[in-house]
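S.K.: Here you go, sequence then predicted model.
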Amino acid sequence: MPYRTFLQQIAPLAQLSPGQVQKLTTPDRILEAPLTVAGKSYPAYRVQFNNARGPYKGGIRFHPHVTKEEVTSLAFWMTIKTAVVNIPFGGAKGGVSVNPKELSEAELEELSRAYVRAFYKHLGPTKDIPAPDINTNPQIMGWMLDEYEKLKGRKAPAFITGKPLALGGSTVRDIATALGGVYVLEEALKKLKLKAKTVAIQGFGNAGMNAAKLLKEKGYAIVAVSDSQGGVYNEEGLDPYQAEEIKKAGGMLGCYCLGTVCSLEQMPKEGSCRFIANEELLELPVDILIPAALGQVITRDNATRIKAKVVLELANGPTTAEADEILHQNNILVIPDILANAGGVTVSYFEWQQNRKKEQWKEAVVRKKLESKMKRAFKSIWRQHTPERTLRTTAYIYALQKIVQKLRRS
Ligand code: NAD
């Protein structure tokens, strides 16, 4: 749903005045510039949506579908997400409309540096702090940091987060989204007094695979995982590390049951360990369902067939508004994306703090701080939660009120 429509709908529930709605639907600044690499020009954007709660914060994505409208909308959602976990940042987002797979490594580096040259006057540790997003990674953050420091003539590691450890990155950042999700999940299960055992996960990338590993270590049975080529179901629970090995060797997840790379034809299609399609995975009779791949996978069409008791949204926007209502009616608790997957930006905040204080925190310290932030956010939202409202609506109201409090003071 476009963020303006969304805000108009939720404004009465969050008791926002027309002036506040106006402020919250208008980005503070939209920056755009064409970036030229190897004779070709790529449109680039940085949208600084709102900084009432602190410096702008948000990732930079490289993708052919990037548009000014999309970046603006993502910058709005970042404003909400930083408020949900109560970190002292506002919201921003950046993007370049480019297919990075068509660039050589040298061209990718040049594009990353050109992005910083185009916008650096508006960026900085106390102004706007970028981070990785789709198709951008620690290496790219390193190039961007180097370019910024060259332009400024001084070291400034707090300019960007998601850096390699050697350049001031934080431990735990690589698994932060999944770990943050696991912390809120544990808290939700406690509140529901639910002894959950079985888990199905759609998506086996950074978020999904790490969630599978963390939950397996905690004793859950991961009965199904999938990626874009389908998945594997194992009644007894599967080992995500072995599933990762199969993928690394070039196999599809469905080959897991055979323990070796195989073709689609060779995969078992029935029995206690077998291939499973993505649609079927979502409808398995498990305790916990984790969409960790794409948006809009739980819709009006399949929501009535979802049997999980809890849905942990590690992906952004996996549940449509209509499906959300159906799940709520069916007593299925959806832990919304703005809370469930906020562990990444929370550890980004810890990285920024470490850089500002010239410290490097141990893994156990970062984990503890993440646990505390995530659980505290969950508990605050749970306290305001009523049976009539979804946890998502409550989380939005909670975040909007936090932003509005600061608007009043600014
Ligand atoms: P990723 O690229 O590492 O992994 C994505 C996974 O989804 C891959 O396994 C891919 O094969 C799978 N996939 C793609 N199409 C699929 C399909 N049709 N059906 C099933 N699986 C499919 O990405 P990620 O970083 O793990 O992000 C996954 C989701 O989590 C996205 O929605 C992203 O916006 C969200 N998210 C990620 C982070 C993070 O820190 N990684 C933070 C916040 C939100």
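M.R.: Done, it's in. Residues are numbered from 1 along each chain as shown.
S.K.: Find me the pLDDT at the residue nearest to residue 196 when sequence neighbours are not counted, would you?
M.R.: Counting by CB to CB, 6 or more residues apart in numbering, residue 196 lies nearest to residue 287, which is 3.7 Å off, once chain neighbours are set aside. For glycine as for every other residue, the C-beta is placed from the backbone atoms N, C-alpha and C. Here the pLDDT value assigned to residue 287 is 98.
S.K.: so who does residue 287 touch?
M.R.: 194, 196-199, 308-310 (CB atoms under 8 Å, 6 or more residues apart in numbering).
S.K.: any chance of those residues in CSV, plus pLDDT, distance to the ligand and neighbour count?
M.R.: Formatted as CSV, the contacts of residue 287 follow (pLDDT from 0 to 100; distance: CB to the nearest ligand atom, whole Å; neighbours: other CB atoms under 10 Å):
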residue, pLDDT, distance to the ligand, neighbour count
194, 97, 24, 14
196, 95, 21, 19
197, 97, 23, 13
198, 98, 19, 19
199, 98, 16, 26
308, 98, 16, 23
309, 98, 22, 20
310, 98, 17, 20
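S.K.: Let's see which of the residues you listed end up in helices.
M.R.: Among the contacts of residue 287, none falls in helices (DSSP state H).
S.K.: So which of the residues you listed is the closest to residue 223?
M.R.: residue 198 (5.1 Å; CB to CB).
S.K.: Just grab the bridge partners of that closest one for me.
M.R.: Bridge pairing for residue 198 (DSSP bridges) gives the partners residue 221.
S.K.: was I right about it contacting residue 288?
M.R.: Yes - with contact defined as CB atoms under 8 Å, residue 198 counts as touching residue 288 (7.1 Å).
S.K.: Give the intersection of the neighbour lists for these two.
M.R.: By CB under 8 Å, 6+ apart, the residues touching both residue 198 and residue 288 are residue 220.
S.K.: Can you get me a residue count around the nearest residue to residue 171 once chain neighbours are set aside?
M.R.: In space, residue 171 comes closest to residue 363 once its chain neighbours are excluded; the distance is 4.3 Å by CB to CB, 6+ apart. For residue 363, the tally of surrounding residues (other CB atoms under 10 Å) stands at 10.
S.K.: what's the answer for residue 365, then?
M.R.: 15.
S.K.: Quickly find the element holding residue 219.
M.R.: Taking DSSP states H and E as the definition, one finds residue 219 inside no helix or strand.
S.K.: What distance do you get for it to residue 383?
M.R.: 28 Å (CB to CB, to the nearest Å).
S.K.: and if you look at residue 333?
M.R.: Residue 333 sits at a distance of 15 Å from residue 383 (criterion: CB to CB).
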